[in-house]
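**Student:** Need coordinates for the below:
(one chain, ligands or ions: 2)
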Amino acid sequence: MLRRIKIDWADLPNFHPLETPFPAPERIYPGLEEITPESFPDFLNEIGLVGMGGSGFPASEKLRAGIGAHTLVINGVECEPGITIDQTVLLHHALWVQAGANASAKAIGAKRVILAVKDHPAQMVPLQKLYPDYDIVPFPDRYPTGAEKLILKKLTGNMPAPGIRPYQLGYIVQNVVSLRAIGRAMIDGFPVVERPLTLAAPASRFYKNTIVPIGLSVREILAAFDLLYDPARQLIVGGGLMMGCEMALDDLIEKTTTSLLLLDRAPLKKKERNCIRCGACNTACPLDLHPYSLVERIQKGKTHSTAFQAQMTECFLCGVCSAVCPSDIPLVQTLTEGKKCLP
Ligand code: SF4
Ligand code: SF4
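**Tutor:** Ligands and ions are numbered 1, 2, ... in the order given. Down below sits the predicted model:
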């Protein structure tokens, strides 16, 4: 059984846009009627869109590959514990999200749009009112349900085979914030110069969703919210607790920065012990991989076999194996190194 990973932070916060000194748009982008499969990928390049759910994958390439897919899936099942920016955008920026989703669906020729969301019963009625034309499918609020493969597993009834991309099954999966960016460009003429993100300092019970200009430094954001940072005691994590990485004060917000967390260092320092062969990491892996075997192979340099490379390609570094390990072995750190061994 996958152990539930839950952080007891406040639930949906208020939405507080950070004032941004954007210049007026230089041009207005095309309306829905002007969108064609040929022109839309160029439009995505023009506005500078990459996967804003954290992947950073060029959006135009994904869309081009998805032409002919029967279903567009709006991915609002954000994975990372405590991050609520996708849910907040869905509830507060429905106009932009729908504009982006309708344009994408038209460009690929999709007949159906599915809105994949976390199973929060209180949000179902507002979402049904905001998105009456889409099929809303609830997913368990459990990390890492929002991974593309796991979304497709639920929608198709089968785990996609290794190496299979969503478009090969007739689906294209787009993150909520990416679709919002498309809608923002179409309606307001803004290219991708801002991003919504979750900003949280759990120890001081600070928790907000906000919109920040891309390129702003971490220092500027913390200052805007009067958040004090003590590097000896605290750690700044960008992109989420499970898959994110440490950031410094002068690091800049990127299009893929889904969140900024200010965490106390002390609880994160755990002493690694020997593997007790309990198998919890195997059981917990959502892709049925064998994390400790992979780690042993990486540590011994045995990374050339086809079986190793197939498993390592599938691993999306979700960190669940590390989180459940009773010996506090940082499996995902070694797996991240293992990715570099792939051809
Ligand atoms: S990091 Fe990789 S091996 Fe570990 S649980 Fe996630 S997918 Fe499985
Ligand atoms: S969960 Fe940790 S202790 Fe258990 S088998 Fe995996 S690596 Fe070893």
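
**Student:** Please count neighbours and contacts with C-alpha atoms only from this point.
**Tutor:** Fine.

**Student:** just so I have it, where are all the strands in the protein?
**Tutor:** With DSSP state E as the criterion, the chain has strands at 71-76, 112-118, 135-139, 171-175, 194-201, 206-213, 234-238, 245-246, 259-264.

**Student:** relative orientation of the last one and strand 234-238 in degrees?
**Tutor:** If I follow you right, that is strand 259-264. 160 degrees (axes from the mean of the first three to the mean of the last three CA atoms, to 10 degrees).

**Student:** all numbers from here: first residue = 59
**Tutor:** That works, and once the first residue is 59, the last one we named lands at strand 317-322.

**Student:** Parallel or antiparallel, list what pairs with strand 317-322.
**Tutor:** As defined by DSSP bridges, the strand partners of strand 317-322 come to strand 252-259 (parallel), strand 292-296 (antiparallel).

**Student:** okay, those in TSV with mean neighbour count next?
**Tutor:** Output for the strands paired with strand 317-322, formatted as TSV (neighbours: other CA atoms under 10 Å):
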stretch	mean neighbour count
strand 252-259	23
strand 292-296	21
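
**Student:** Select, out of those, the one closest to ligand 2.
**Tutor:** Ligand 2 lies closest to strand 292-296 among the strands paired with strand 317-322, at 23.9 Å (CA to the nearest ligand atom).

**Student:** would you put the C-alpha positions of the closest one in PDB?
**Tutor:** What follows is strand 292-296, C-alpha atoms only, in PDB (Å, rounded to 0.1, in the frame of the first residue of the first chain):
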ATOM      1  CA  GLN A 292      16.200  27.600   7.100                       C
ATOM      2  CA  LEU A 293      16.200  26.200   3.600                       C
ATOM      3  CA  ILE A 294      14.500  27.700   0.500                       C
ATOM      4  CA  VAL A 295      13.000  25.000  -1.700                       C
ATOM      5  CA  GLY A 296      11.700  25.800  -5.200                       C
END
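
**Student:** Show me what it is in contact with.
**Tutor:** 302-306, 315-323 (CA atoms under 8 Å, 6 or more residues apart in numbering).

**Student:** Using PyMOL, make a named selection holding only the buried ones among these.
**Tutor:** In PyMOL, this line selects whichever of these come out buried by 16 or more other CA atoms under 10 Å:
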select buried, resi 302+305+315+316+317+318+319+320+321+322
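
**Student:** So which of the contacts of strand 292-296 reach ligand 2?
**Tutor:** Among those, not one lies near ligand 2 by CA under 6 Å from any ligand atom.

**Student:** Would you convert the contacts of strand 292-296 into JSON lines that also reports pLDDT?
**Tutor:** Listed next are the contacts of strand 292-296 as JSON lines, based on pLDDT from 0 to 100:
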{"residue": "G302", "pLDDT": "83"}
{"residue": "C303", "pLDDT": "84"}
{"residue": "E304", "pLDDT": "89"}
{"residue": "M305", "pLDDT": "94"}
{"residue": "A306", "pLDDT": "95"}
{"residue": "T315", "pLDDT": "94"}
{"residue": "T316", "pLDDT": "93"}
{"residue": "S317", "pLDDT": "93"}
{"residue": "L318", "pLDDT": "94"}
{"residue": "L319", "pLDDT": "93"}
{"residue": "L320", "pLDDT": "93"}
{"residue": "L321", "pLDDT": "91"}
{"residue": "D322", "pLDDT": "87"}
{"residue": "R323", "pLDDT": "83"}
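
**Student:** Reformat the contacts of strand 292-296 as JSON lines; add distance to L130.
**Tutor:** Shown next, in JSON lines, are those (distance: CA to CA, whole Å):
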{"residue": "G302", "distance to L130": "27"}
{"residue": "C303", "distance to L130": "30"}
{"residue": "E304", "distance to L130": "33"}
{"residue": "M305", "distance to L130": "34"}
{"residue": "A306", "distance to L130": "37"}
{"residue": "T315", "distance to L130": "24"}
{"residue": "T316", "distance to L130": "22"}
{"residue": "S317", "distance to L130": "25"}
{"residue": "L318", "distance to L130": "29"}
{"residue": "L319", "distance to L130": "31"}
{"residue": "L320", "distance to L130": "35"}
{"residue": "L321", "distance to L130": "36"}
{"residue": "D322", "distance to L130": "40"}
{"residue": "R323", "distance to L130": "41"}
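
**Student:** Just the closest of the contacts of strand 292-296 to ligand 1, please.
**Tutor:** When the contacts of strand 292-296 are compared for distance to ligand 1 (CA to the nearest ligand atom), G302 wins out at 12.5 Å.

**Student:** K212 versus that closest one, what's the distance?
**Tutor:** Relative to K212, G302 is positioned 25 Å away (CA to CA, to the nearest Å).

**Student:** can you check C336 too?
**Tutor:** C336 sits 28 Å away from K212, going by CA to CA.

**Student:** ok, back up a step: among the strands of the chain, which comes closest to ligand 1?
**Tutor:** strand 303-304 (14.4 Å).

**Student:** So which elements touch that closest one?
**Tutor:** Secondary-structure packing of strand 303-304 (3 or more CA pairs under 8 Å, 6 or more residues apart in numbering; DSSP states H and E): strand 292-296.

**Student:** Next, give phi and psi for I387.
**Tutor:** phi -80, psi 130 (degrees, to the nearest 10).

**Student:** Could you find the closest non-adjacent residue to it?
**Tutor:** Nearest non-adjacent residue to I387, counting by CA to CA, 6 or more residues apart in numbering: E330, 5.2 Å away.
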